[in-house]
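Asks: Kindly return the folded structure for what I paste below:
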Amino acid sequence: MATVLGASLVVGTSAFNVDARPDISLQQAAGSAADGVGGTGSAAPTVSADGRYVAYHGPSGSTPETTGVFVHDRDLGEVTELTAVPDGLRAGHTITPVISGDGCSVVVVTEIAFDVFRDDDTGDRWDLYRSRLPHCDGVIGDWELVSTDPDTGLARDDLDPGDRPTISASGTLIAFTHPVDHLFDVEALRAVSVVDLELLITDPLRTQLAAGFPVVAPNTTYTHQGMDQPALSGDGRYLAFRSDATSADAVAGWGTGQVAGGPASPQVFIWDRNEPDPFAAVRLVSKLPDGSPTTAGAGSPVLSRTGAAVAFTSADPVLVPAEFVVCDGACPTQVFHYDRDIDGNGRLDEPDRTALTMLSAVARDDGVLVAGAAPSSQPAISADGHLVAFVTKATNLQLIRAAGGGEATDGDLLVADAASGALRRVTVSNDGVRPALGAHSSPAVSETGRSIVFDTLAASDLLGDSVPGDDVGGRRVVSVSTPPRLSLADADLGTTVVGLESDEWYVAVINEGPSSFNPFLVEVSDSRFRINRDDSTCTAALSVPPGGDCTVLVTFVPTTPGVVSAELTVAEGGFGAVSVTSTISGRGGEPALLADPAGADLGSAVVGAPSAEFLVDIENIGIAPTTVADVRIGGAHVDDFAVTTNNCADRALNPRATCSIGITFTPTADSRRTALVDVATAAGQFTSIVLAGDGQFVPEVLFFTEEVDAGGELLAVGTGYPPNTEVTVTFGDGPGESVTGVTDELGNVSVELLIPPDERGGQRSIVVQADDGNIAAADVAVVEQDQTMIGMPGFGLG
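Replies: I've put the predicted structure just below:
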């Protein structure tokens, strides 16, 4: 029987609520080249699973008039160009690299005929090649042709460089888009093929056309593009794609559109490459609640490692119940998350039970979901499917708006937690408050979602002094890293008879986010504590998402009387690994006391405010009377917990008799708080209770007026912030000056905000943000000045 240390197991939810306007968690960009910053002109990044290797394209070092592909090692800070033109070959561009999850292979689209025997360098020239990297026993310049004609084995020379290929985590499976070559009398139709590089080039199964493509040419009143935008799952089993055919039918036909003579509406599908049944192999992802395809279409699919989660975009306003802004002709595209494993058992064994959620949205106070007010696009998903990064032009998804800029595909960069719906901004200027210019594109995420790489025109905003002064212009690749906040409570297994094994206890690693945690190593520093590796979830090679936990089951076998303590460590492996450590202890002797429960999570409480009292029963499990002599609080956060009731003090307990103690939680900080309560007899026998809770600040912003004149002053009062902390006050819905203040010891602050004479009128949002990210906002009406008066002599002088 396992004894529950419940305090470290129950997950606090305070950090993951979705409010009408969600809290913004601001993360600073990684500021040095070693953190994945490419040079000027770099773009289209992709990142390995561990976040160490970033591949991107940029101006070639060997032929500057062309574009080449580079790999940046963030651990060593080294940049290597992969596509220097060999002697005797015609120069050309190489673009849109994709790196495999294991960081060993890179696939590129290129005009260069690296295979001089099979690539004749004619036609449109664009072909697909793969190379193994030197740290995986590859050789720079050794490229393998991937895009071959299925009949001749020669280079196709006809790929669309704008449609990015996809690669499995092992680098052995590659899917790409190409013109249709198995139908006659068709133009502009595209198909997707999957290449298995482990098969010989002569093997007819090496290149396989994706399932779901019709066997006849289009025969509808709509125009068709075919199939494109492939996305492989990390394990290579599943392929998602966009198609304007009815690809989920056993015999696929051609789809329909909104207007006869216009384009057919493309949909997102997913193909199980291991499924032989044509009725079950391909399934529609972008479907309405009644199971029919979207009317407006869908695209840009990305897959989690196992294919259990799909993120995609669609402008269809009825995919998920939500409130949209007025759609003028067409609604803005939104980002969606399609969960194919809603019971979370790791098996896709219930294909008809799925869940679709909109990520580019916030919930109002009344629970109504409000969609992004402008297009969101370019989703990128973590391996476990819990985190999705995307680009958005919507200004209603964060409290502080990012100024727009850059190219048509640029925007603000957000990360959504698919489980909670929480949104956080990745791209904050180096002052820690203002969002950088919304000119970011092409995000890619590492396996845990910890490293996010993207290209941007706002590198100088993000990186500040770490960008060389003569090299701040143009688009470049930037990396942002956000490690998870982990907690692991100290645990005391109490008193156990010498030579016997105690009951099994468990403790849990709590991941407070914002990225996932992949435990690799679980160890204890003293062999008298034994870890049950078969049943501990921290040893199961499973990802722990934000808000999740994993458990370690442990027993204690004392060899001598007395107290034994050891360190318990749960750690990741590889580049950028994080770990968490706690103290685990026990005592050899005759057990006398037992706590029920042995642990508890006291939930969330506002910093400085006490929780409800929690009662614990203490039982004498010995064969002789005893007395509770001491109740003591220890562990990581002693000051956050207090014994407020003690019915056990100086009281004799007969065998099987009980007494109780009451504990209150008053957090001193806004994080996970843990403690250990030891209840001991006069003879030194003891039992323990593991306690935990989440502290949180609940800031508010108040004004003493409902309106303020442009050119006047507004007193902003903030309450519920961290004490003795600098806060910044600014307009959240447009550019403007910021002012700062410092909270007092109670977390209150008053700041005078001067409203510029030319400030835009109307209902405006004023935001007060602390350095640690705690943030709140309130609206005030700004009365616009007569613009003809501004700038005239004497204006503004009183």
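
Asks: How many neighbouring residues does residue 560 have?
Replies: As a burial measure, residue 560 scores 10 neighbours (other C-beta atoms under 10 Å). (C-beta placed from N, C-alpha, C; glycine too.)

Asks: Residue 135 should be in a helix, yeah?
Replies: Yes - according to DSSP: H, G, I helix; E, B strand; the rest coil, residue 135 belongs to a helix.

Asks: tell me the helices in this protein, going along the chain?
Replies: Using DSSP state H, the helices of the chain run over 459-463.

Asks: Need the residue closest to the centroid of it.
Replies: Closest to where the C-alpha atoms of the chain average out (C-alpha atoms, centre = their mean) is residue 387, at 3.1 Å.

Asks: so that residue touches residue 380, yeah?
Replies: No - taking contacts as C-beta atoms under 8 Å, residue 387 lies outside contact range of residue 380: 9.0 Å.

Asks: which residues do these two both contact?
Replies: When C-beta atoms under 8 Å, 6 or more residues apart in numbering defines a contact, the residues bordering residue 387 and residue 380 alike are residue 445.

Asks: Could you pull out the strands in the stretch 401-550 of the chain for me?
Replies: Applying DSSP state E, counting those that start in this stretch to the stretch 401-550 of the chain gives strands spanning 412-417, 423-425, 440-445, 451-456, 476-481, 486-488, 491-496, 504-511, 521-524, 529-531, 549-556.

Asks: What of the stretch 101-250 of the chain?
Replies: 105-110, 127-132, 144-145, 166-167, 173-179, 190-196, 207-209, 227-232, 238-243.

Asks: what comes into contact with the second one?
Replies: Put plainly, it is strand 127-132. For strand 127-132, the surrounding residues in contact (C-beta under 8 Å, 6+ apart) are 82, 104-111, 113-115, 119, 138-147, 155-157, 159, 165, 167, 171, 174, 176, 197.

Asks: From the residues you listed, list just the buried residues.
Replies: Among the contacts of strand 127-132, those classed as buried by 16 or more other C-beta atoms under 10 Å are 82, 104-111, 113-115, 119, 138, 143-147, 155-157, 159, 165, 167, 171, 174, 176, 197.

Asks: Other residues contacting stretch 62-75?
Replies: 33-36, 38, 42, 51-61, 78-85, 91-95, 97, 99, 106, 108, 133, 135, 451, 477, 479, 575.

Asks: For residue 681, the count of nearby residues, please.
Replies: Applying other C-beta under 10 Å, we find 20 residues neighbouring residue 681.

Asks: Ok, residue 735 next?
Replies: Counted with other C-beta under 10 Å, the neighbours of residue 735 add up to 10.

Asks: shouldn't it be in contact with residue 404?
Replies: No - using C-beta under 8 Å, residue 735 makes no contact with residue 404, being 11.1 Å away.

Asks: What are the buried residues along stretch 567-575?
Replies: Neighbour-count burial for stretch 567-575 flags 568-572, 575 (criterion: 16+ other C-beta under 10 Å).

Asks: picking that back up, adding distance to residue 631, mean neighbour count and mean pLDDT, write the strands of the stretch 401-550 of the chain out as JSON lines.
Replies: Formatted as JSON lines, those follow (distance: least, C-beta to C-beta, whole Å; neighbours: other C-beta atoms under 10 Å; pLDDT from 0 to 100):
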{"stretch": "strand 412-417", "distance to residue 631": "39", "mean neighbour count": "27", "mean pLDDT": "96"}
{"stretch": "strand 423-425", "distance to residue 631": "41", "mean neighbour count": "22", "mean pLDDT": "93"}
{"stretch": "strand 440-445", "distance to residue 631": "47", "mean neighbour count": "26", "mean pLDDT": "96"}
{"stretch": "strand 451-456", "distance to residue 631": "46", "mean neighbour count": "28", "mean pLDDT": "94"}
{"stretch": "strand 476-481", "distance to residue 631": "43", "mean neighbour count": "26", "mean pLDDT": "92"}
{"stretch": "strand 486-488", "distance to residue 631": "24", "mean neighbour count": "23", "mean pLDDT": "92"}
{"stretch": "strand 491-496", "distance to residue 631": "13", "mean neighbour count": "26", "mean pLDDT": "88"}
{"stretch": "strand 504-511", "distance to residue 631": "20", "mean neighbour count": "25", "mean pLDDT": "89"}
{"stretch": "strand 521-524", "distance to residue 631": "27", "mean neighbour count": "15", "mean pLDDT": "96"}
{"stretch": "strand 529-531", "distance to residue 631": "25", "mean neighbour count": "19", "mean pLDDT": "95"}
{"stretch": "strand 549-556", "distance to residue 631": "22", "mean neighbour count": "23", "mean pLDDT": "94"}
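
Asks: can you redo the ones you listed as CSV with distance to residue 772?
Replies: Shown next, in CSV, are those (distance: least, C-beta to C-beta, whole Å):
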stretch, distance to residue 772
strand 412-417, 18
strand 423-425, 14
strand 440-445, 24
strand 451-456, 21
strand 476-481, 18
strand 486-488, 17
strand 491-496, 29
strand 504-511, 19
strand 521-524, 30
strand 529-531, 35
strand 549-556, 24
